[in-house]
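A.B. asks: attaching a predicted model along with its sequence, questions to come.
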Amino acid sequence: MAGAVVEELVKKAGGCAVIDGGFATQLEALGADINDPLWSAACLITKPHLIKEVHMQYLEAGADVIISSSYQATIPGFLARGLLIEEAEGLLRTSVQLALEARDEFWKSALRKSKPVYNRALVAASVGSYGAYLADGSEYSGSYGDDITVEKLKDFHRRRLQVLASARPDLVAFEAIPNKMEAQALVELLEEEDIQVPSWICFSSVDGKHLCSGESFGDCLQIINASEKVAIVGVNCTPPQFVEGIIRDFKKQTQKAIAVYPNSGEVWDGRAKRWLPVECFGRKSFDVMAKRWQEAGASLIGGCCRTTPSTIRAVSKALKGRTGHY
Ligand SMILES: C[S+](C)CC[C@H](N)C(=O)O
Ligand SMILES: N[C@@H](CCS)C(=O)O
Ligand SMILES: [Zn+2]
């Protein structure tokens, strides 16, 4: 049962599991150049050791779930880079393997410590939206053009999903899904391919009331509620000030576990490919907000773009009273 893995994770974490923070953000902080059509996935080709280092840093910070480097790793993206299909599929598997290796090494060393303060983390294989692949900012608009259909979206996601699932992650994380058509396509694909790895589907929102496309969360939740393959729903890469309201809204419309991992509130300029600073409006700090998200009913909490291991360390401390859990 998809839900059992999640229930166990949340229980072991003491009621609320900690997700890692901005992966690409931390890769950049370690010196990677991700100004690339493949964005952070370019490092699967050029700097795999940095990928593992980022995973280690988030584990150290107290993450109970780490998300693989495959957000913008797509077969067409790698083919456009001149790779062969076998090489592209190999890199997808590598993204999961690097996260599994980091998790296993970290766990082994945590067990050796006389007073372990960590849980054995789970690895979620990231699947970014079609908009992420387009690399035109459409993961924040949900506008895929008039020609796109559910069938085309399923075909876009199919092989990558098969390959990632075959690499044996603990979860599959569909991230920053901006419109209802893509949610529908993912739910259908999970059934058609009979994917056995429990999934989460997280949406992006720019107004806190709707998906980025302007469509209703409720309509998407109805689609997702009908699927046993999806264990977790939520939002990511969404401004943090909207998250408490979104959790309360979701709580009324789904029984599934809720995951939230917002960005810092800065706004992505898809054309200039840079983050625009957020205007100061007296926001509370991320860890203080995380406590409110837990009280509102989120079971998994972390950060997305422009959050860092220090954000996650503070979140872990706020939610568990310490970095890890005995
Ligand atoms: C989550 S966004 C900042 C990822 C990057 C975007 N898809 C791009 O390629 O420009
Ligand atoms: N897991 C990805 C999500 C980008 S929106 C990252 O943190 O880079
Ligand atoms: Zn993000």
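C.D. replies: Perfect, thanks for sending it. Ligands and ions are numbered 1, 2, ... in the order given.
A.B. asks: next to ligand 1, which bits of the stretch 151-300 of the chain? Give me the list.
C.D. replies: 176, 237, 268, 273 (Cβ under 6 Å from any ligand atom). (C-beta placed from N, C-alpha, C; glycine too.)
A.B. asks: now with 5 Å, please.
C.D. replies: Trp268 (Cβ under 5 Å from any ligand atom).
A.B. asks: how deep is whichever residue of the stretch 1-150 of the chain sits closest to ligand 1 tucked in, by neighbour count?
C.D. replies: Residue nearest to ligand 1 within the stretch 1-150 of the chain: Ala135 (3.3 Å; Cβ to the nearest ligand atom). Neighbour count for Ala135, taken as other Cβ atoms under 10 Å: 16.
A.B. asks: which one is it nearest to, not counting chain neighbours?
C.D. replies: Once flanking residues are discounted, Ala135 sits nearest to Pro37: 5.3 Å by Cβ to Cβ, 6 or more residues apart in numbering.
A.B. asks: now do Ala296
C.D. replies: Nearest one to Ala296, counting by Cβ to Cβ, 6+ apart, is Ile247 at 4.2 Å.
A.B. asks: does that neighbour really touch Ser299, like I thought?
C.D. replies: No. Between Ile247 and Ser299 there is no contact under Cβ atoms under 8 Å: 10.0 Å.
A.B. asks: any shared contact partners between those two?
C.D. replies: Residues touching both Ile247 and Ser299 (Cβ atoms under 8 Å, 6 or more residues apart in numbering): Ile258.
A.B. asks: quick one: the helices in the stretch 151-300 of the chain, in order.
C.D. replies: When assigned using DSSP state H, counting those that start in this stretch, the helices of the stretch 151-300 of the chain occupy the ranges 180-192, 217-225, 243-251, 286-296.
A.B. asks: in CSV: those, plus mean pLDDT and mean neighbour count.
C.D. replies: Formatted as CSV, the helices of the stretch 151-300 of the chain follow (pLDDT from 0 to 100; neighbours: other Cβ atoms under 10 Å):
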stretch, mean pLDDT, mean neighbour count
helix 180-192, 98, 21
helix 217-225, 98, 18
helix 243-251, 98, 18
helix 286-296, 97, 18
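A.B. asks: make CSV out of those helices and add distance to ligand 2.
C.D. replies: Putting these into CSV (distance: least, Cβ to the nearest ligand atom, whole Å) gives the following:
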stretch, distance to ligand 2
helix 180-192, 14
helix 217-225, 18
helix 243-251, 15
helix 286-296, 15
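A.B. asks: so how far is ligand 2 from Ala298?
C.D. replies: 17 Å (Cβ to the nearest ligand atom, to the nearest Å).
A.B. asks: now Lys12: closest residue in space, sequence neighbours ignored.
C.D. replies: Asn119 (5.2 Å).
A.B. asks: again, but for Ile246
C.D. replies: That would be Val235: by Cβ to Cβ, 6+ apart, it lies 5.4 Å from Ile246.
A.B. asks: is it true that the one you found touches Glu244?
C.D. replies: No. Under the criterion of Cβ under 8 Å, Val235 is not in contact with Glu244, lying 11.2 Å apart.
A.B. asks: what's the span of stretch 294-301 from first residue to last?
C.D. replies: Start-to-end span of stretch 294-301 (Cα to Cα, to the nearest Å) is 8 Å.
A.B. asks: swap that for stretch 216-235, sorry
C.D. replies: 13 Å.
A.B. asks: just how off-centre is that stretch within its chain?
C.D. replies: Centre-to-centre, stretch 216-235 and its host chain are 16 Å apart (Cα atoms, centre = their mean, to the nearest Å).
A.B. asks: how about stretch 22-41?
C.D. replies: 15 Å.
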